[in-house]
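Q: Sequence first, then the predicted structure, then my questions.
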Amino acid sequence: EAQLVESGGGLVQAGGSLTLSCVASGFTFDDYAIGWFRQVAGKEREGVSCLSAIDRDTDYADAVKGRFTISGDIAGRTVLLHMNRLKPEDTAVYYCNARYKDWYNYWGQGTQVTVSS
């Protein structure tokens, strides 16, 4: 069974750092686009960052550029999201997503990140 499992969330003070981990099982990241999304209760899920397993290209939402970094060990089926200089507005449930064209689309269960002011 294909599965994504996130970990690394928690409570941190503003200005602090956290690293989220996304580990795949039941499939490999080869040729996938792997992304991090976040959602606040009552709001739509928004994209945070993504990584192409094909060319290792990365992209970031404007709100996190210069503070967050996505990295991946594709063969090891692990993608990390390094979050620095966290702000209270970064508080959300963070989800990992792996998508292959329109054929496969997997989501993790989410991990809570809370940034106190």
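A: Arrived safely.

Q: excluding its backbone neighbours, what's nearest Q13?
A: Ranked by CB to CB, 6 or more residues apart in numbering and with sequence neighbours excluded, the top spatial neighbour of Q13 is S116, at 5.5 Å. All C-beta spots, glycine's among them, are computed from the backbone N, C-alpha and C.

Q: swap that for F27, please
A: A2 (4.5 Å).

Q: Any idea how many residues pack against the residue lying closest to G10 once chain neighbours are set aside?
A: Residue nearest to G10 in three dimensions, not counting chain neighbours: L18, with 6.3 Å by CB to CB, 6+ apart. L18 has 20 neighbouring residues, counting by other CB atoms under 10 Å.

Q: can you check S71 too?
A: 14.

Q: And for N84?
A: Neighbour tally, N84, other CB under 10 Å: 14.

Q: which residues touch it?
A: S17, R67, F68, T69 (CB atoms under 8 Å, 6 or more residues apart in numbering).

Q: cool, P88 as well?
A: Contacts for P88 (CB under 8 Å, 6+ apart) come out as A14, V115, S116, S117.

Q: okay, now the third one: neighbour count?
A: Just to be clear, that refers to S116. By other CB under 10 Å, neighbour count at S116 equals 11.

Q: again with the last one
A: When neighbours are counted by other CB under 10 Å, S117 registers 9.

Q: Also the first one?
A: Applying other CB under 10 Å, we find 14 residues neighbouring A14.

Q: quick one: it and E89 touch, right?
A: No - in this structure, A14 is not within contact of E89 by CB atoms under 8 Å, at 9.7 Å.

Q: quick one: common contacting residues for these two?
A: In contact with both A14 and E89: V115, using CB under 8 Å, 6+ apart.

Q: didn't V113 look like it was pressed against D90?
A: Yes - using CB under 8 Å, V113 is in contact with D90, at 6.4 Å.

Q: which residues in this structure form strands?
A: Applying DSSP state E to the chain gives strands spanning 3-7, 10-13, 18-25, 33-39, 46-52, 58-60, 68-73, 78-83, 92-100, 104-107, 111-116.

Q: This completes my enquiry, with thanks.
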